[in-house]
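Participant: Could you look at this predicted model? Sequence included:
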Amino acid sequence: MAKRSANWTADEEIVLVEEVGRRKELLFGKMKGDGSVKIWEILAKGWKEITDVLNARFSLKRREEQEIKKKYYNIKQRNNIIVSGVDEKAPEIKNPENLAKIISNVFTAEMEIPAETVDNLQIYKLFRMGEYDKQRKYPRPICVQFANKSHKDIVMRHIKILKDKQSPIRVSQHQPEEIREKRKHLYDVQKQYADRNIETVLKGQKLIFTQSKSVYRDKIGSRPMADEIISGEEVKIAISTRKTTEDNGNRFVAHSTPVDSYKQVRRSLVEVMRTENTASASHNIYAFRFSTSDGTAHEGSEDDGEHGAGRMLLKALADNDINNALVVVSRWCGSKIGPRRFTHINEVGLSAARNMPVPV
């Protein structure tokens, strides 16, 4: 079992934010590259520099690059709230600056926060989430980014007033995308158990069986760790690959192999991670489906930080009737390409699955 990372201190978080800020243009700016160096290599270099700085400053708490990236994005979101159910009116659409007045009115009139307190709230940024569409049935939610957590907490302490009033407006904490995806996954698992008349209840990030009070645990576990990949038992399996795609500095490569049990899925994951350069990818997304001898279907997926990608890849396998297969898609990140990344992941994943050797 992998050793749990030590908790982050306030000093570590401050240094992390400062170091990312120094490389903001490199990590998040628009880059086209000069043809000699891949953009994903430039980004990897930036995050490696940040990792090295943190590990040098706090030598007793060695952090992995992926953990550091995840922590930074969580810090960005923890001061945010999402306000839902606020009507979109013409004055706001023509002049987005009116959104500040609308939010101020929500806080004072709907949530009954004193006007003086509202005036002193330090809001870094606020915006409607998503593109405006006049055909949309419900108004777009509003993301409010506070300058510090204490001001967000002031607003969160008043959300009960909205419930007591039965207001159509709802305020919630902006959960990191990783947590939202985990809950979606647990909802899917809960539905599968419900189809088998097994009662469960979702509490936070845990799915609990009502009768036994035990907690659901993924049968595959987390992504294979470095020591498992390097020194684990070697299992010779046939691994297929097919299409490779590059887009704006991003590179996508897929591998697939036949599987018919959870044990085989785990072993095959380790073997795929041993293929050349795969373990160095920014994300290794995977999905699997297989049926046991009694006809029971089993399936699962993992995003590995590419939130929602595993679930979409699994759906693509199901829609194309691909069974008894494990598909791993590796992505080396470049510049932002938006939702195109999901198209690439599904395309290379399906290409590898269709090229998969038939077990003898």
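Facilitator: That came in fine, so what should we check first?

Participant: When you work out contacts or count neighbours from here on, use the C-alpha atoms and nothing else.
Facilitator: Fine.

Participant: In space, what's closest to A254 - neighbours in sequence excluded?
Facilitator: V329 (4.2 Å; Cα to Cα, 6 or more residues apart in numbering).

Participant: Quick check, that neighbour in contact with R251.
Facilitator: No - here V329 does not reach R251: they are 10.2 Å apart, not a contact under Cα atoms under 8 Å.

Participant: can you give me the helices for the stretch 101-250 of the chain?
Facilitator: Here the stretch 101-250 of the chain has its helices, by DSSP state H, counting those that start in this stretch, at 115-119, 149-156, 159-165, 177-195, 226-231.

Participant: okay if I get those helices as a markdown table plus distance to D52 and mean pLDDT?
Facilitator: Formatted as a markdown table, these follow (distance: least, Cα to Cα, whole Å; pLDDT from 0 to 100):
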| stretch | distance to D52 | mean pLDDT |
| --- | --- | --- |
| helix 115-119 | 41 | 93 |
| helix 149-156 | 28 | 90 |
| helix 159-165 | 42 | 92 |
| helix 177-195 | 25 | 77 |
| helix 226-231 | 18 | 58 |
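
Participant: Which of the ones you listed sits closest to H283?
Facilitator: helix 177-195 (13.3 Å; Cα to Cα).

Participant: which outside residues touch that closest one?
Facilitator: Residues outside helix 177-195 that contact it (Cα atoms under 8 Å, 6 or more residues apart in numbering): 199-202, 205-207, 305, 307-308, 311.

Participant: Next, the most centrally placed residue in the chain: phi, psi?
Facilitator: The residue lying closest to the centre of the chain (Cα atoms, centre = their mean) is H307, at 2.9 Å. Dihedral angles of H307 (phi, psi; degrees, to the nearest 10) stand at phi -60, psi 120.

Participant: how close does it get to L313?
Facilitator: Per Cα to Cα, to the nearest Å, H307 is found 11 Å from L313.

Participant: Name the residues contacting each of those two.
Facilitator: By Cα under 8 Å, 6+ apart, no residue touches both H307 and L313.

Participant: dump the residue contacts of the residue nearest to A254.
Facilitator: Here V329 is in contact with 252-255, 284-286, 345, 348-349 (Cα under 8 Å, 6+ apart).

Participant: pLDDT value on it, please?
Facilitator: Listed pLDDT for V329 reads 94.
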